[in-house]
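# give me a model of this one.
(2 chains)
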Protein chains: 2
Amino acid sequence: MINGNVIVGQSGGPTSVINSSLVGVFKTAKDMGCLKVYGMRNGIEGLLTGRYVDLSDYIKNDLDIELLKRTPSSFLGTCRYKLPEYSEDPGVYDRIFDILKRLDIKHFFYIGGNDSMDTIKKLSNYAKDIGSEITFMGVPKTIDNDLAVTDHTPGYGSAAKYIAAAMKEIIRDANTYPTDSITVVEIMGRNAGWLTAASSLSCSEDCNGPDLIYLPEVTFDHDKFLRRVMEIKKFKNTAIVAVSEGIKTADGMYVCEANKTTVFEDSFGHKTLGGTALYLSDFLAENTGIKSRGIVFSTLQRCASHLVSRRDITEAFTAGADAVVAALNGETGKMIIFERISNAPYQLKTSSYDVNLIANVEKCVPDEWICDDGTNVTKEFDEYARPLIIGELSPFMVDGLPRHLFIDK
Amino acid sequence: MINGNVIVGQSGGPTSVINSSLVGVFKTAKDMGCLKVYGMRNGIEGLLTGRYVDLSDYIKNDLDIELLKRTPSSFLGTCRYKLPEYSEDPGVYDRIFDILKRLDIKHFFYIGGNDSMDTIKKLSNYAKDIGSEITFMGVPKTIDNDLAVTDHTPGYGSAAKYIAAAMKEIIRDANTYPTDSITVVEIMGRNAGWLTAASSLSCSEDCNGPDLIYLPEVTFDHDKFLRRVMEIKKFKNTAIVAVSEGIKTADGMYVCEANKTTVFEDSFGHKTLGGTALYLSDFLAENTGIKSRGIVFSTLQRCASHLVSRRDITEAFTAGADAVVAALNGETGKMIIFERISNAPYQLKTSSYDVNLIANVEKCVPDEWICDDGTNVTKEFDEYARPLIIGELSPFMVDGLPRHLFIDK
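Numbers count the residues shown, from 1 in each chain, chains lettered A, B, ... in the order given. Okay, here's the model as predicted:
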């Protein structure tokens, strides 16, 4: 069977498993007889300036495929480019479709999160309008786990595993001193608290987990926070607090904005967050006199490919592979979604779903999975998230360090 | 063969492999016929209040031994207690020797860094003065690698491996965007730059490593720093900078002191450092307008037992084991040291060394291993440090996370 050329891009924040989805697209397209598999450099933004590669020049054998599964961050490079509406700038659409025509592309794949699905939505709708037969499929990706409809997103399981494992180690470290201390750990998540909630997975037979967990879904109150920490300190010499970078006070201000000198915004208007843990640990130190430390996982939580979830890697690959199958069956304007059949045993099936109903919608942690006082999550969250962190994929170690596959910039 | 009771304690900042040394002491003492192996809770500070355990109650079989090797932070708890001079407080010495006599202790082991060796020095000298036959041996431990005489210290290799692996992942992550950015990564090290220098190990076939590395051994100059970053930015869109938390300006001030509201000091008079990366990334953002991010490894670099160096684990065990052998041979007032026989193949031998010549001396990165402009390290450093990060020890994974052995507080 011979199929036409395909092109694939990666967009938005990178993850530890985004390259498994890339490999899923590449290998399945090749296996299904697609002649060329092109890769956009830096997503649609790079494509617009004619930057693309023939992926066969870089993924030459099965070892490369395995190496790419173990490589964090976007192999092809990424972008945060917001595709304008057609009415705002028809020229952009002309340029994209000119390039696709020149490369004789039949199927277009975009691996990304919320903002990237907006690109698939616009391009697929435009293709229908102009009668183009090119299909456009979205492959879900985001550590934030905030995509609508799908049970979860590739990338979340590995980030959750890293957060929970690091949290266990931090708790073990903090508890070794006999002196009083407070540790505030800052975790990514602008509006959705999925990642911060994952810190609760550290709670197990050998670890009590964080004492307090603050999600962006719950309004943050400094006084209540201080009172809760002091309650913990009455019966423990160490208090461990997990906070989302996106927690806000009742006036709608990010807690971290209180002490930022420079705030950047990306092209989607999202503010660069950060500094929440340091601000809160200073706040606690000043108000309690207790030694307080802020720890920020920062980009490590999305790029720690040395500690991924095997299940996440497999599902990320599957999402890419199934997008190719769907596209070759003529589907377009859709994203691959996961539907969970059962928790125990964990069973999942994939399908495709209208991207118009997914793009630009954020899925938050449901109210019923947040404890009444807003400082922890329920066991239902554990039942949901625990299966996603199961299994490991050993890095390929060379000279003591994990080896990655890469494209020279 | 029957030998007398021993007691072992852990002191100072924890590491990923400090429990391998504990296991080395425990297993070797048991194998050599010592009747009881006691563990001090929270080091000498806990012992002074009668807090100790019989380690056989917790380490019951070979599986426990392997689990303890994979458990970060000090299993017995730690302390930062400065033993007073005898002339200042003879009562403390009386209390310690009373407890040792009550438990019928013949050999005393203390696993720790610089400040802990001060304790071994004082106790062994006092024992000689009063004619006590109890022997006192030091087992080296510190991620800082700043102990004198020994080639390196257990704990350093694993911290170096974590730092280098995380640095590779951070660099891969930072380079995925087409936009300009600067990343400043803060690494532990008050006066000695060994850990920060280890970030250079990320430089390998698939990674360029950090662009600039600032050690505390070199005086930090804001203007030169800004100029060097801008030079890098001329030919790269991302700049990656590794800085030690302990870098100081010419006036002797820690760079991080510029924006700290609360500075704690421990009982040895060491200031709590931190905030260097955030301060410098704000400094760069303000002076260049380029998006800048500060990343701090914080306690993760000393407790990430999920990514240890196998060689470090083995050597940590050996240090503990050899301390027992030396003590049972009648040695006292000594610390186990490592002597490197060759780099390629890597060969090491251990011996014991007068703790009076080790305690309170700090070993810094030698001048000749720092590049002339003070912003990187030489290949001699790589040849020294690379062998220390080789090999892995897989964690025991339960429900998706590394399992640890622990004592309830």
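# all helices of the stretch 101-250 of chain A, in order?
For the stretch 101-250 of chain A, helices defined by DSSP state H, counting those that start in this stretch occupy the ranges A:114-130, A:156-174, A:194-198, A:222-235.
# quick check: phi and psi on the closest residue to A:Ser352 other than its chain neighbours?
Excluding its sequence neighbours, the residue lying closest to A:Ser352 (Cβ to Cβ, 6 or more residues apart in numbering or on different chains) is A:Lys334, at 4.0 Å. For every residue, glycine as well, the C-beta is placed using N, CA and C. Backbone torsions for A:Lys334, taken as degrees, to the nearest 10, come to phi -130, psi 160.
# need the residues of the stretch 101-250 of chain A near chain B, please.
The stretch 101-250 of chain A comes close to chain B at residues A:161, A:164-166, A:168-170, A:172-179, A:201-202, A:204-207, as judged by Cβ under 8 Å from any Cβ of the partner chain.
# which of those residues count as buried?
Among those, the ones that count as buried by 16 or more other Cβ atoms under 10 Å in any protein chain shown are A:161, A:164-166, A:168-170, A:172-178, A:201-202, A:204, A:206-207.
# show me the domain layout of chain A.
Structural domains assigned to chain A are A:5-143+A:307-359, A:156-303, following automatic domain parsing.
# quick one: end-to-end length of the shortest one, please.
Yep, that's domain A:156-303 we're talking about. End-to-end distance for domain A:156-303: 11 Å, by Cα to Cα, to the nearest Å.
# kindly report the same for stretch A:43-56.
Here the two ends of stretch A:43-56 are set 18 Å apart, with distance taken as Cα to Cα.
# so does that stretch get close to chain B?
Yes: counting by Cβ under 8 Å from any Cβ, chain B has neighbours in stretch A:43-56: A:45-46.
# quick one: buried residues of that stretch?
For stretch A:43-56, the neighbour count (16+ other Cβ under 10 Å) marks A:43-48, A:51-53, A:55 as buried.
# now do stretch A:5-22
Within stretch A:5-22, the residues scored as buried using 16+ other Cβ under 10 Å are A:5-22.
# keep those residues, but drop any that are not near chain B.
A:Pro14.
# among the buried residues of stretch A:5-22, which are in helices?
In this view, the buried residues of stretch A:5-22 that belong to helices under DSSP state H are A:18-22.
# could you tell me which residues of the stretch 301-409 of chain A lie near chain B?
Within reach of chain B by Cβ under 8 Å from any Cβ, the stretch 301-409 of chain A has these residues: A:302-307, A:309, A:386, A:389-392, A:394, A:397-406, A:409.
# filter those residues down to just the ones in helices.
A:302-303.
# whichever of the residues of the stretch 301-409 of chain A next to chain B end up buried, select them in ChimeraX.
Filtering those down to the buried ones (16+ other Cβ under 10 Å) takes a single ChimeraX command:
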select /A:302,303,304,305,306,307,309,386,389,390,391,392,397,400,401,402,403,404,405,406
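# what about the residues of the stretch 301-409 of chain A next to chain B, which are in strands?
Counted as lying in strands by DSSP state E, out of these, are A:397-398, A:401-402.
# ok, is stretch A:285-294 in contact with chain B or not?
Yes: on the criterion Cβ under 8 Å from any Cβ, stretch A:285-294 is in touch with chain B at A:285-286, A:291, A:293.
# of those, which is the nearest to A:Glu186?
Relative to A:Glu186, the closest of the residues of stretch A:285-294 next to chain B is A:Arg293; by Cβ to Cβ it sits at 11.3 Å.
# so who does that closest one touch?
A:Arg293 makes contact with A:174, A:181-184, A:281, B:274, B:298-299, according to Cβ atoms under 8 Å, 6 or more residues apart in numbering or on different chains.
# could you measure from the residue of the stretch 201-350 of chain A found nearest chain B over to B:Ala198?
Closest contact between the stretch 201-350 of chain A and chain B, by Cβ to the nearest Cβ, is at A:Cys303 (4.0 Å). Using Cβ to Cβ, to the nearest Å, A:Cys303 is found at 19 Å from B:Ala198.
# what's the answer for A:Thr179, then?
Note on A:Thr179: its distance to B:Ala198, by Cβ to Cβ, is 28 Å.
# which stretches in chain A count as strands?
With strands called from DSSP E, chain A shows them at A:5-10, A:37-40, A:52-54, A:105-112, A:135-140, A:181-187, A:212-214, A:238-244, A:292-296, A:334-343, A:346-354, A:397-398, A:401-402.
# deepest-packed of the ones you listed, please.
Neighbour counts (mean count of other Cβ atoms under 10 Å in any protein chain shown) averaged over each of these peak at strand A:135-140, with a mean of 29.
# which residues sit against that one?
With Cβ under 8 Å, 6+ apart as the test, strand A:135-140 has contacts from A:21, A:24-25, A:106-113, A:116-117, A:120, A:123-124, A:127, A:147, A:150, A:153-154, A:319-320, A:323-324, A:326-327, A:330-338, A:352, A:355, A:358.
# not counting its neighbours along the chain, what's nearest A:Glu331?
A:Ser352 (5.5 Å).
# equivalent analysis for A:Phe396, please.
A:Arg403 (4.7 Å).
# average pLDDT for stretch A:72-85?
For stretch A:72-85, mean pLDDT is 96.
# check which residues of that stretch are buried.
The neighbour-count check on stretch A:72-85 (16+ other Cβ under 10 Å) flags A:72-83 as buried.
# for stretch A:246-262, same thing?
Residues of stretch A:246-262 classed as buried by neighbour count (16+ other Cβ under 10 Å): A:246-248, A:254-256, A:260.
# repeat for stretch A:118-137
By 16+ other Cβ under 10 Å, the buried positions in stretch A:118-137 come out as A:118-124, A:126-127, A:132, A:134-137.
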